[in-house]
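1. only geometry, no sequence info:
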């Protein structure tokens, strides 16, 4: 196990601000969890982590709006703009996954939260949409 270099310190602050565990951050940067704990408990580091956390929270509304714009605007993206279409498709998949609906294949939609009920109308829309996107991407 080594020491934290300046780049690793930045990574630690960013990852801890996002809520990642000390253990996983330690593994990522190649030090012990105890080393991360000692580093993260320094007052100046606590302040940096909190500042980073606040910046992330402040960015949430813009991030949500960007995803909405990508998902809603996907149908208007020209077919030749494959990069934008792929980005919009991935945003759509991320939204569906975050609400418990995840297209697994063109004709198969999986509900990874069994307590939720998926309306048949929603399944039809998702299947139709997934078929269109997978054919075009």
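-> Ah, there it is. Just so you know, these numbers come straight off a predicted model, no measurement behind them.
2. could you pull out the strands for the protein?
-> Using DSSP state E, the strands found in the chain span residues 101-105, 108-111.
3. Quickly, which of those bottoms out on average pLDDT?
-> Least confident of these, judged by mean pLDDT, is strand 108-111 with a mean of 42.
4. Report the mean confidence score over the lengthiest helix in the chain.
-> What stands out as the longest helix in the chain, according to DSSP state H, is helix 43-73. Average pLDDT, helix 43-73: 87.
5. measure residue 30 to residue 46 for me?
-> Residue 30 sits 22 Å away from residue 46, taking C-beta to C-beta, to the nearest Å as the criterion. Using the backbone N, CA and C atoms, a C-beta is placed for each residue, glycine as well.
6. er, residue 4 actually
-> 16 Å.
7. Identify the residues contacting the residue most central in space within the chain.
-> With distances taken as C-alpha atoms, centre = their mean, residue 94 lies nearest the centre of the chain, 7.2 Å away. Contacts of residue 94 were listed using C-beta atoms under 8 Å, 6 or more residues apart in numbering, and they are residue 67.
8. And the pLDDT for it?
-> pLDDT recorded at residue 94 is 78.
9. what's the answer for residue 1, then?
-> At residue 1, the model reports a pLDDT of 51.
10. same deal with the one 4 residues further on?
-> In the predicted model, residue 5 carries a pLDDT score of 86.
11. and it, backbone torsions?
-> phi -80, psi 170 (degrees, to the nearest 10).
12. For it, give its distance to residue 12.
-> Separation of residue 5 from residue 12 (C-beta to C-beta) stands at 11 Å.
13. and the two? which has more neighbours close in?
-> residue 12 (25 against 11; other C-beta atoms under 10 Å).
14. That's all I had, so thanks and see you.
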